[in-house]
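Engineer: Turn this into a model:
(one chain, ligands or ions: 2)
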Amino acid sequence: MRSFTTLDIQYAHRFYGFKGEAQYLHGHTGILTVEVEDTINTGVNMVFPCNEINKTVWDVVQNFDHALILREDDPLLPAILDVYETQGIKNGAPTNKQKGPSFKTELATAYPECRLVVTKETMTVEGMIKIVYDLLKDKLNIAKITFTSGVNGAVQEYGKENQKEKDRCQLCGIFLNENGVCPKCGYRK
Ligand SMILES: [Zn+2]
Ligand SMILES: [Zn+2]
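Structural biologist: Ligands and ions are numbered 1, 2, ... in the order given. Just a heads-up that it's a prediction; the model follows:
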């Protein structure tokens, strides 16, 4: 069976070098759905607690929320950083509180202090799915990711071969750590 969670992110981006309207800076509300697949955990009667899926996903995805997402070769990038620098908000602002831990993968680097994500490829709906999967594949048994942005959407399913057989907590349903201990409640196998 599958458990899933949905969350929304507000972001700005543009398709650098693209010929249509999307070459201009604009914004979206993106809806991200992450589905997790496993057997029903006896005792907990869940695949995986949805609030835990939500927390795990939000931990990385909040870096995209109220953020600017630009491709690494976009000339807007140095220009914007210049403005942020002059304004004194490049390295953070007291009101910029909703920050996830910064990350750097092959596909994207997050700079939470200035609410910026720099991507290797243009941040399309498909691109977002690739980035999110890469960030979460070791944390959740992801079966499917859906991302919609306005009228556009993309979806990717992931086969069983990408999923791990891991013990889950009898009380919380979340993965036990490498020592067989629940990171949330301390349950021991
Ligand atoms: Zn767009
Ligand atoms: Zn637990």
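Engineer: going forward, measure contacts between C-alpha atoms and count neighbours the same way
Structural biologist: Noted.
Engineer: So I80 lies in a helix, does it not?
Structural biologist: Yes. Counting by DSSP: H, G, I helix; E, B strand; the rest coil, I80 is found in a helix.
Engineer: what about it, neighbour count?
Structural biologist: 14 (other Cα atoms under 10 Å).
Engineer: E52 too?
Structural biologist: Neighbours of E52 (other Cα under 10 Å): 15.
Engineer: hang on, it packs against G173?
Structural biologist: No. Judged on Cα atoms under 8 Å, E52 makes no contact with G173 at a distance of 9.1 Å.
Engineer: Where does the residue most central in space within the chain sit: helix, strand or coil?
Structural biologist: By Cα atoms, centre = their mean, the chain has its centre lying nearest to V61, at 3.3 Å. Classification of V61 using three-state DSSP returns helix.
Engineer: F18 versus that one, what's the distance?
Structural biologist: Distance of V61 to F18, given as Cα to Cα, to the nearest Å: 25 Å.
Engineer: Point out the residues in the protein that sit beside ligand 2.
Structural biologist: Contact residues, the chain versus ligand 2 (Cα under 5 Å from the ion): C169, L171, C172, C182, C185.
Engineer: Name the member of those with the most neighbours.
Structural biologist: Among the residues of the chain next to ligand 2, the one with the most neighbours (other Cα under 10 Å) is C169, at 26 neighbours.
Engineer: Check for me that G30 belongs to a strand.
Structural biologist: Yes. Under three-state DSSP, G30 falls within a strand.
Engineer: Break down this structure into its helices, ranges please.
Structural biologist: Under the criterion DSSP state H, the chain carries helices at the ranges 50-61, 76-87, 125-136.
Engineer: what's the spacing between A154 and ligand 2?
Structural biologist: According to Cα to the ion, to the nearest Å, A154 and ligand 2 sit 34 Å apart.
Engineer: what about the protein, any weak spots by pLDDT?
Structural biologist: Filtered on pLDDT under 70, the chain yields no residues whatsoever.
Engineer: quick one, strands of the chain?
Structural biologist: 2-13, 26-37, 67-71, 108-111, 116-119, 142-149, 152-157 (DSSP state E).
Engineer: Dump the ones you listed into CSV; add mean neighbour count as well.
Structural biologist: What follows is the strands of the chain, written out as CSV (neighbours: other Cα atoms under 10 Å):
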stretch, mean neighbour count
strand 2-13, 18
strand 26-37, 19
strand 67-71, 23
strand 108-111, 22
strand 116-119, 23
strand 142-149, 22
strand 152-157, 13
